[in-house]
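Enquirer: return atomic coordinates for the entry below.
(chains A and B)
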2 protein chains.
Amino acid sequence: MKPVKVGLLGLGTVGTGVVRIVEGHQEDLQRKTGSPIVIEKILVQHMEKDRNISISSSKLTDNPNDILDNPEIDVIIEVMGGVELAKEYILRALDNGKHIVTANKDLVALHGKEIMDRAANKGCDIFFEASVAGGIPIIRTLVDGFSSDRITKIMGIVNGTTNYILTKMSQEGAAYADVLKEAQDLGYAEADPTSDVEGLDAARKMTILSTLGFHASVALSDVEVKGISQVSKEDIAYGKKLGYEVKLLGIAESKDDHIAVSVQPTMVKTSHPLASVNGVFNAVYVYGESVGETMFYGPGAGELPTATSIVADLVAVVHNLKLGVNGRETFKPYKETKMKTDEQIESKYFILLHVADKAGVLARITQVFSAQEVSLESVFQHPNTSNPNAEIIIITHNANRAAMNRVLAEFEGLDVIYQIKSVYRVEG
Amino acid sequence: MKPVKVGLLGLGTVGTGVVRIVEGHQEDLQRKTGSPIVIEKILVQHMEKDRNISISSSKLTDNPNDILDNPEIDVIIEVMGGVELAKEYILRALDNGKHIVTANKDLVALHGKEIMDRAANKGCDIFFEASVAGGIPIIRTLVDGFSSDRITKIMGIVNGTTNYILTKMSQEGAAYADVLKEAQDLGYAEADPTSDVEGLDAARKMTILSTLGFHASVALSDVEVKGISQVSKEDIAYGKKLGYEVKLLGIAESKDDHIAVSVQPTMVKTSHPLASVNGVFNAVYVYGESVGETMFYGPGAGELPTATSIVADLVAVVHNLKLGVNGRETFKPYKETKMKTDEQIESKYFILLHVADKAGVLARITQVFSAQEVSLESVFQHPNTSNPNAEIIIITHNANRAAMNRVLAEFEGLDVIYQIKSVYRVEG
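Expert: Predicted coordinates:
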């Protein structure tokens, strides 16, 4: 049997994992696809670098043309990261008729449409399972597993770094800055953690999931993003006391073809399956009109989990090669993208206020809610011994965001409220 | 566009769900597949029966030939249940070149190989996502999502009835017989609950999952089965006290291509993701050498969840029709089936003993373990106020089953042990 030849762009952690799986599982892969699979060439930046995998130096190249223009190569696996150069290489590979597997969430989130259109024009496959939630086959699940259903909500813990930090803060009562430092020392967080902790990484993944789930193109700029750097250990402690865990959730909702996508720290009821997803694990909760509640849990990153998804995509490409149907079944959003307005975005809210400790305060506060027709699920007054002021926690019933924003604006002008300490969305 | 015509065998709960989804999601299905999808004919037992769905009577038939021999029909959806007749119809439909979607776990567990071979010979698709864990796309996940990995363990809560009963027993401290009665009143358990409570239903599903996961044919007779009818509320209470929940787990393991598959009530550590799967929900935990720990959670039964999986299979068949590749990619086990011996099956054990309340008893018991080289993780002695005897709970380290059986046999002959009250496998 003619072997299928693969060009690998990048040999970092994930690229190394791809080589390990393709070599270590060669016999199984051959049984499953009917062909030997050979990593033919690997693009690296530094030819001489020490690597923790032994690879014949004849396979390495620092010239992308050796791969992109190589007529022997059938499939390109892109694990180099970055956006502009990766895009240029992938488009060029597609123009040369090569099929693509990529793990590049930034690229797919920003230029997915352009790349997929090009692939469709050229009759090439493009797969990107590893771009979201590493080892969890969530993209297949949305596209194939729920192809018969109408998905109305996707909630994801799709960033392991922030979930590690929030889990530690919850379990140890530790402060954000201390846990971030520890995560950096352990290599779970980058030296510059902005992309993770400010929710940008999660936002890119939610762009991809919502586009696939709702069949409408969602742009990164459509996603509202708030990170975890303002989450205090007090917020987490109050949440726990009332039966909630703070999680950084990506939330995508669709109703009557109107979409809202956001990323924010959220109070999740402890009984909800997402509340017990801890550490660097990821999970994606999907609600379908017919199927109801489902959740998919697994490792969100790491050399081998991510490589598993990439090589599963490679197997799919090779199946299509055998069947002669590459590029003939591409994902195309077929709905107009209509984003929800603030009036259409509904959720419960958790609000922590520092207020004057005197009679009549609660009456004035509840009056503001009632004037905006926001009804309350529960109100807790908390005597803060270290604080001369009183603390009030309010959990609302479902309220639309426009009304909630009016409530918060009025609070700003209310002299009995000293500070709006925290506002969280509530789920579960 | 030429519509794809479907023949439906059976119009019970799930069949009704299929009609609802195909009709209710017609526009989406057409966008996704490129063809209108029409339910052309439905085989029913009683033409005149009242149904809670309105269907033109011209679509109903009580003659299977109207469907099986109908040249207009491209795809057969089998949701009639039972084994022999369903098998006969499916084989006949395959001989007539029709593609098959079935939800019939009994049929797939007992005759999967024969049916799949016939489908391959005839160039027809056969899909059966709905046969295991209703709305959870676990079959796709095993076959496609983890196609690049070596799966070493599959643990499933794959029977909603027993999970409902065990959840209620755990949450309310209720006895098995009382909860079973309640489940029967609510329609969650059958009048004759044997197939569910004795683990047979779960065993059929584990046959399917292990065959797919390990690429070797596993027969129903290869599965060791123990149900939940002997689980006492005391066992559950003791388990909880030590940090375990009792769950009916299907457990399939593969090591060095040797397989063991079983279904039994198991003590699951509360920190394990399976421990918090409650009520009628199902979940399948998959461990892959490369991906590590993953879990897939969702509804295991019900009209619409099950129909979601069936119609997703139908979408896959229609895609293949469009691509002209039906039947060209069938699942074929390629490994020899080698079952593990008792010496190769390892797990921890939870053992509850009623013993004489006198000095030296513990020493004699631990001697038996040590003679068989079973080491102990922990031992709890429990003064039972309602019982003149003492109770001892022992949790072992990993032990092979042959050694464990020798320990239990020796216990039978030990005069200080009055009764081996319970023995559970431990996971998590």
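Enquirer: pLDDT of the top helix by length along chain A, averaged?
Expert: Ranked by residue count and defined by DSSP state H, the top helix of chain A is helix A:303-323. Mean per-residue pLDDT for helix A:303-323: 96.
Enquirer: torsion angles phi and psi at A:Ile76?
Expert: phi -110, psi 130 (degrees, to the nearest 10).
Enquirer: and A:Ser276, by the same measure?
Expert: Dihedral angles for A:Ser276 - degrees, to the nearest 10 - are phi -100, psi 20.
Enquirer: which one is it nearest to, not counting chain neighbours?
Expert: B:Ser276 (6.0 Å; Cβ to Cβ, 6 or more residues apart in numbering or on different chains). C-beta coordinates here come from the backbone N, C-alpha and C atoms, glycine included.
Enquirer: so that neighbour touches A:His272, yeah?
Expert: No - with contact defined as Cβ atoms under 8 Å, B:Ser276 does not reach A:His272; the gap is 10.3 Å.
Enquirer: for the helix or strand hosting A:Ala177, name the packing helices and strands.
Expert: If you go by DSSP states H and E, A:Ala177 is part of helix A:176-186. Packing partners of helix A:176-186 (3 or more Cβ pairs under 8 Å, 6 or more residues apart in numbering or on different chains; DSSP states H and E): helix A:160-172.
Enquirer: now do the same contact list for A:Asn278.
Expert: Counting by Cβ atoms under 8 Å, 6 or more residues apart in numbering or on different chains, A:Asn278 makes contact with A:Asn163, A:Thr167, A:Gln171.
Enquirer: sec struct for it, please.
Expert: Using DSSP: H, G, I helix; E, B strand; the rest coil, the secondary structure recorded for A:Asn278 is coil.
Enquirer: per-residue pLDDT, it?
Expert: For A:Asn278, pLDDT reads 96.
Enquirer: distance of it from A:Thr167?
Expert: 4 Å (Cβ to Cβ, to the nearest Å).
Enquirer: for chain B, see how far away A:Leu414 is.
Expert: Relative to chain B, A:Leu414 is positioned 41 Å away (Cβ to the nearest Cβ, to the nearest Å).
Enquirer: was I right to think that residue contacts A:Val368?
Expert: Yes - using Cβ under 8 Å, A:Leu414 is in contact with A:Val368, at 7.0 Å.
Enquirer: what about the strands in the stretch 251-400 of chain A?
Expert: A:258-269, A:281-288, A:292-299, A:338-339, A:346-355, A:376-383, A:390-396, A:399-400 (DSSP state E, counting those that start in this stretch).
Enquirer: wait, which of those is closest to chain B?
Expert: Nearest to chain B, of all those, is strand A:292-299, at 3.5 Å by Cβ to the nearest Cβ.
Enquirer: paired strands for the closest one, with orientation please.
Expert: Applying DSSP bridges to the sheet, strand A:292-299 is found paired with strand A:281-288 (antiparallel), strand B:292-299 (antiparallel).
Enquirer: in CSV: the ones you listed, plus distance to B:Ile21 and mean pLDDT.
Expert: Shown next, in CSV, are those (distance: least, Cβ to Cβ, whole Å; pLDDT from 0 to 100):
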stretch, distance to B:Ile21, mean pLDDT
strand A:281-288, 10, 98
strand B:292-299, 14, 98
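Enquirer: now the ones you listed as CSV including mean neighbour count and distance to A:Ser221?
Expert: CSV is the format used below for the strands paired with strand A:292-299 (neighbours: other Cβ atoms under 10 Å in any protein chain shown; distance: least, Cβ to Cβ, whole Å):
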stretch, mean neighbour count, distance to A:Ser221
strand A:281-288, 25, 22
strand B:292-299, 24, 32
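Enquirer: can I get those strands in CSV including distance to B:Ala409?
Expert: Converted to CSV, the strands paired with strand A:292-299 look like this (distance: least, Cβ to Cβ, whole Å):
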stretch, distance to B:Ala409
strand A:281-288, 42
strand B:292-299, 35
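Enquirer: give me the residue from the stretch 301-428 of chain A nearest chain B.
Expert: A:Val311 (3.3 Å).
Enquirer: please name the residues that touch that residue.
Expert: Taking Cβ under 8 Å, 6+ apart as the test, what A:Val311 contacts is A:Val18, A:Ile21, A:Val22, A:His25, A:Leu29, B:Ser147, B:Ser148.
Enquirer: just flag the most distant two among the residues you listed.
Expert: The largest separation in the contacts of A:Val311, counting by Cβ to Cβ, is between A:Val18 and B:Ser147 at 14.1 Å.
Enquirer: which one of the two has more residues nearby?
Expert: A:Val18 (29 against 23; other Cβ atoms under 10 Å in any protein chain shown).
Enquirer: quick check, stretch A:203-214 touching chain B?
Expert: No - using Cβ under 8 Å from any Cβ of the partner chain, stretch A:203-214 stays clear of chain B, with a minimum separation of 11.0 Å.
Enquirer: let me see the mean pLDDT of that stretch.
Expert: 98.
Enquirer: run through who's touching it.
Expert: By Cβ under 8 Å, 6+ apart, stretch A:203-214 touches A:105-106, A:108-110, A:112, A:128, A:131-133, A:138-139, A:142-143, A:146, A:151, A:154, A:156, A:158-159, A:217-220, A:222-223, A:225, A:250-252, A:254, A:259, A:261-263, A:284, A:286, A:331, A:333, A:335.
Enquirer: and those residues, which of them are buried?
Expert: Those of those that meet the buried threshold are A:105-106, A:108-110, A:112, A:128, A:131-133, A:138-139, A:142-143, A:146, A:151, A:154, A:156, A:158-159, A:217-218, A:220, A:222-223, A:225, A:250-252, A:254, A:259, A:261-263, A:284, A:286, A:331, A:333, by 16 or more other Cβ atoms under 10 Å in any protein chain shown.
Enquirer: so which of these are in helices?
Expert: A:Lys105, A:Asp106, A:Val108, A:Ala109, A:Leu110, A:Gly112, A:Ile138, A:Ile139.
Enquirer: farthest pair in these?
Expert: Within these, two members stand farthest from each other by Cβ to Cβ: A:Leu110 and A:Ile138, at 19.5 Å.
Enquirer: name the residues of the stretch 151-300 of chain A found near chain B, please.
Expert: With Cβ under 8 Å from any Cβ as the criterion, the stretch 151-300 of chain A comes near chain B at residues A:215, A:273, A:276, A:281, A:288, A:290-299.
Enquirer: how is chain A divided into domains?
Expert: Here the domain parsing of chain A from automatic domain parsing is A:4-132+A:303-323, A:138-299, A:342-427.
Enquirer: could those domains be laid out in a markdown table, adding distance to B:Asn389?
Expert: Shown next, in a markdown table, are the domains of chain A (distance: least, Cβ to Cβ, whole Å):
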| stretch | distance to B:Asn389 |
| --- | --- |
| domain A:4-132+A:303-323 | 50 |
| domain A:138-299 | 38 |
| domain A:342-427 | 49 |
